[in-house]
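Colleague: fold the following and give me the result.
(one chain, ligands or ions: 1)
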Amino acid sequence: FQLGMFEVGRSLGKGKFGRVYLARERQTGFICALKVLHKNEIVQGRVEKQVCREIEIQSNLRHPNVLRFYGYFYDSKRIFLILEYAAKGELYKHLQKARRFSESRAAQYIAQMTSALRYLHSKRVIHRDIKPENILLGRHGELKMADFGWSVHAPSGRRITKCGTLDYLPPEMVDPRRCQNPYDEKIDLWSLGVLMYELLVGSAPFEDTPSMTQKRIARGDMKIPSFVSSEAKDLIRKRIPLEKVQQHPWIMKHCL
Ligand SMILES: CC(C)CCNC(=O)Cn1cc(-c2ccc3c(-c4nc5ccccc5[nH]4)n[nH]c3c2)cn1
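Modeller: You can find the predicted model right below:
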């Protein structure tokens, strides 16, 4: 359908606060992803402030591995977000199909993720909700972090454990006794390790019933299958600073 200067195409995904459509800007032919948020749902969800904060933050982000937010417009009932179109879709779908990635492919994704996180941390932006569901792939297979803060779930059969996910939370978040500052960069480092495990193994390291997941995370009770190389095991087990990740032998070996 026509929407101002856009021709709107197929649905790319939907979630609590909105659907995402493929769209083309008529004048220039520019292809993008148009996300439609319904004002009444935002008001009911009392997330106006969060949406404004996200728009503020994401308007200033420019990085090849962070999905671009170009701008927004609105009418009486809806807000339209103009987002980068990631031509190869959800990383999660590719992982499901492949069951698990080769160490070389996983290392490329971790290296790009690390680059995106270093950029976001340099802008004091953290907790980008790192999990395969929030990662898209560009036309050339490059990784694009997309923060689906408002649970945009594509129509694919998503794992229920993932929404309201415990799998990616670090010990300090699941074990109230460790009352460390929950929202600092270290949380992203932990999630990066969980993501690395999931890309190499095909399932999350602490996947279990919610209460068991909590215990296993707090105890760091994770088994790494023998098919994972020792360098990869070393990187998964350690929470090392992002700059050290990019110099780790496992990354160097695969990302010449
Ligand atoms: C407030 C604002 C600044 C937040 C902006 N970020 C979001 O709304 C997060 N978000 C991104 C999306 C999204 C979902 C899907 C796509 C896609 C996409 N490409 C596909 C190719 C094949 C199959 C599915 C695809 N989805 N490209 N860009 C997208 C962007 C949905 N929510």
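
Colleague: can you give me the strands in the stretch 1-150 of the chain?
Modeller: Per DSSP state E, counting those that start in this stretch, the stretch 1-150 of the chain carries strands over the ranges 2-3, 6-15, 18-25, 31-38, 69-74, 78-83, 135-137, 143-145.

Colleague: lowest average confidence across those strands, which one?
Modeller: For those, mean pLDDT drops lowest on strand 2-3, to a mean of 84.

Colleague: how about the residues of this protein near the ligand?
Modeller: With CB under 6 Å from any ligand atom as the criterion, the chain meets the ligand at residues 12-13, 20, 33, 35, 51, 54-55, 58, 69, 81, 83-87, 89, 136, 146-148, 152, 154. No exception for glycine: its C-beta is placed from N, CA and C like everyone else's.

Colleague: among the residues you listed, the buried ones, what's the PyMOL command?
Modeller: To isolate the buried ones among those in PyMOL, judged by 16 or more other CB atoms under 10 Å, type:
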select buried, resi 12+13+20+33+35+51+54+58+69+81+83+84+85+86+136+146+147+148+152+154
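
Colleague: how far away is residue 9 from residue 22?
Modeller: Taking CB to CB, to the nearest Å as the measure, residue 9 falls 4 Å from residue 22.

Colleague: more crowded one of the two?
Modeller: Per other CB atoms under 10 Å, whichever of residue 9 and residue 22 has more neighbours is residue 22, with 16 against 13.

Colleague: residue 126 contacts residue 187, correct?
Modeller: Yes. With contacts counted by CB atoms under 8 Å, residue 126 reaches residue 187, the gap being 6.8 Å.

Colleague: list the contacts of the residue nearest to residue 34 when sequence neighbours are not counted.
Modeller: Closest residue in space to residue 34, ignoring its immediate chain neighbours: residue 23 at 4.0 Å, by CB to CB, 6 or more residues apart in numbering. Residue 23 is in contact with 3, 6-9, 31-34, 82, counting by CB atoms under 8 Å, 6 or more residues apart in numbering.

Colleague: low pLDDT regions in this structure?
Modeller: Counting by pLDDT under 70, the chain has low-confidence residues at 15-17, 127-128, 148-164, 176, 178-183.

Colleague: can you give me the helices for it?
Modeller: Secondary structure of the chain (DSSP state H): helices at 39-44, 48-59, 91-98, 103-122, 171-174, 185-201, 210-219, 230-237, 242-246, 249-254.
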